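# Would you be able to build a 3D model of this:
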Amino acid sequence: EVQLVESGGGLVQAGGSLRLHCAVSGFTFDTKPIAWFRQAPGKERERVSCIMCGDGKTYYADSVKGRFTISSDNAKNSVILQMNRLKPEDTAVYYCASGPPGATMAVDFHSWGQGTQVTVSS
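Residues are numbered from 1 along each chain as shown. Predicted structure coming up:
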């Protein structure tokens with residue numbers, strides 16, 4: 001059974017940093033895309049970053065490029081999202097998700113964590 005468990009969310013002031021962890025179990029870790037999505041109230045779920053996506057490349061949404069970094073810890077079967085220079089508009093519930101090779105949109109990802117709240121105060 002595939003399981004993803006997020007941790008590391010919280011409340012931070014604008015300009016601060018948070019480090020999100022996604023612990024993955026139930027499949028061979030380095031063979032499938034794992035993405036971070038976020039969803040703010042009243043907004044659609046947005047793909048923020050992805051590892052092992054599209055020919056093994058790393059993806060970042062334009063809104064987070066240069067501020068967020070995704071990485072993997074294969075020994076711990078976890079994916080990390082380092083978020084720096086946070087802005088109030090980064091406030092959302094952040095989810096990690098896994099999907100088949102080539103997955104890009106939220107509908108393509110079939111396994112999701114429970115989410116972790118990130119709140120950035122101005």
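# Tell me the helices and strands packed up against the helix or strand of the chain with the lowest mean pLDDT.
Least confident element among the helices and strands of the chain, by mean pLDDT, DSSP states H and E: strand 57-60 (a mean of 90). With contacts defined as 3 or more Cβ pairs under 8 Å, 6 or more residues apart in numbering; DSSP states H and E, strand 57-60 has these neighbours: strand 46-53, strand 68-73. The way it works is simple: take the backbone N, C-alpha and C, and place the C-beta from them, glycine included.
# right, so the ones you listed: which one is the most enclosed?
Of all these, strand 46-53 carries the top mean neighbour count, a mean of 22, counting by mean count of other Cβ atoms under 10 Å.
# related to what we said a few turns ago, out of the helices and strands packed on strand 57-60, which is closest to residue 110?
Closest to residue 110 of the helices and strands packed on strand 57-60, according to Cβ to Cβ: strand 46-53, at 14.5 Å.
# who are the neighbours in contact with residue 59?
With contacts defined as Cβ atoms under 8 Å, 6 or more residues apart in numbering, residue 59 is in contact with 35, 47, 49, 50, 53.
# what does residue 51 give?
Here residue 51 is in contact with 33, 34, 35, 58, 70, 71, 72, 79 (Cβ under 8 Å, 6+ apart).
# right, and the pair among these with maximum separation?
33 and 71 (14.5 Å).
# one step back: save the helices and strands packed on strand 57-60 as CSV, and put in mean pLDDT too.
Listed next are the helices and strands packed on strand 57-60 as CSV, based on pLDDT from 0 to 100:
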stretch, mean pLDDT
strand 46-53, 92
strand 68-73, 94
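# With respect to residue 122, which of those lies nearest?
strand 68-73 (19.0 Å).
# Given the closest one, what are its sheet partners and their directions?
The strands that strand 68-73 pairs with in its sheet are strand 78-83 (antiparallel) (by DSSP bridges).
# Can you name the residues in contact with the strand it pairs with?
When contacts are defined by Cβ under 8 Å, 6+ apart, strand 78-83 is touched by residues 17-24, 34, 36, 48-49, 51, 64, 67-73, 90, 94, 96, 118.
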